[in-house]
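# Quick check, what structure comes out for this input:
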Amino acid sequence: MKLEPPGGDPSRHFGPFPHNIPHPERSGLFLHLNRNKRSVVVDPASDDGAALIRTLTAEAHIVLEDQAPGSAARWGWGWQTLHAANPAMVMTSITPFGQTGPYRDYRGSELTLQAIGGPLYTNGHQNREP
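Got it, this is the predicted structure:
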């Protein structure tokens, strides 16, 4: 089950589209990345959204979340809450810099992750900064 934000997954707006006619249900990228998934739109920060997440995860085997550190707990569906209802569930949080540590609140992009991780250093001229 894929939970999409209000307005749907952003990948629904990227092509290719059949006959170059944009449509959120016909995005080649979205269909490629989400084959065989059922989707539901939910606002994870709302009371109704949190209740739906708690209901769906009560019988889930695995939960993947990618919210900013501490957000899920603040909204009422963090690890402690979900694990109490379903101790067998495995939960993974995907964030650019982890859940703890000095960089936890940093936002990430491909460029910042390459810069802080080192690969960007190999680009550019030898006698200049990356």
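# What is the distance between stretch 13-28 and the centre of its chain?
In terms of C-alpha atoms, centre = their mean, to the nearest Å, the centre of stretch 13-28 is found 22 Å from the chain centre.
# Any idea how far apart the tips of that stretch sit?
For stretch 13-28, the first-to-last residue distance is 9 Å (C-alpha to C-alpha, to the nearest Å).
# can you count the residues close to Tyr103?
Neighbour count for Tyr103, taken as other C-beta atoms under 10 Å: 13. Any C-beta I mention is one placed from the backbone N, CA and C, and that applies to glycine too.
# same thing with Thr100?
Count around Thr100 with other C-beta under 10 Å applied: 8.
# Tell me how far the most centrally placed residue in the chain lies from Arg26.
Nearest to the mean C-alpha position of the chain, by C-alpha atoms, centre = their mean, lies Asp66 at 3.5 Å. Counting by C-beta to C-beta, to the nearest Å, the separation of Asp66 from Arg26 is 25 Å.
# now Gly8
From Gly8 across to Arg26, the span is 13 Å (C-beta to C-beta).
# Which residue lies closest in space to the residue nearest to the centre of the chain, excluding its sequence neighbours?
Nearest residue to Asp66 in three dimensions, chain neighbours excluded: Ile94, at 4.5 Å (C-beta to C-beta, 6 or more residues apart in numbering).
# Go ahead and confirm that neighbour touches Pro69.
No: the pair Ile94 and Pro69 does not pass the contact test of C-beta atoms under 8 Å, sitting 11.0 Å apart.
# which of those two has more neighbours?
The neighbour comparison of Ile94 against Pro69 (other C-beta under 10 Å) goes to Pro69, with 17 against 9.
# and that one, what is it in contact with?
Contacts for Pro69 (C-beta atoms under 8 Å, 6 or more residues apart in numbering) come out as 93, 95, 98-100, 104-105.
# Now do the buried residues in the lowest-mean-pLDDT helix or strand in the chain.
The helix or strand of the chain with the lowest confidence, counting by mean pLDDT, DSSP states H and E, is helix 110-117 at a mean of 82. Judged by neighbour count (16 or more other C-beta atoms under 10 Å), helix 110-117 contains no buried residues.
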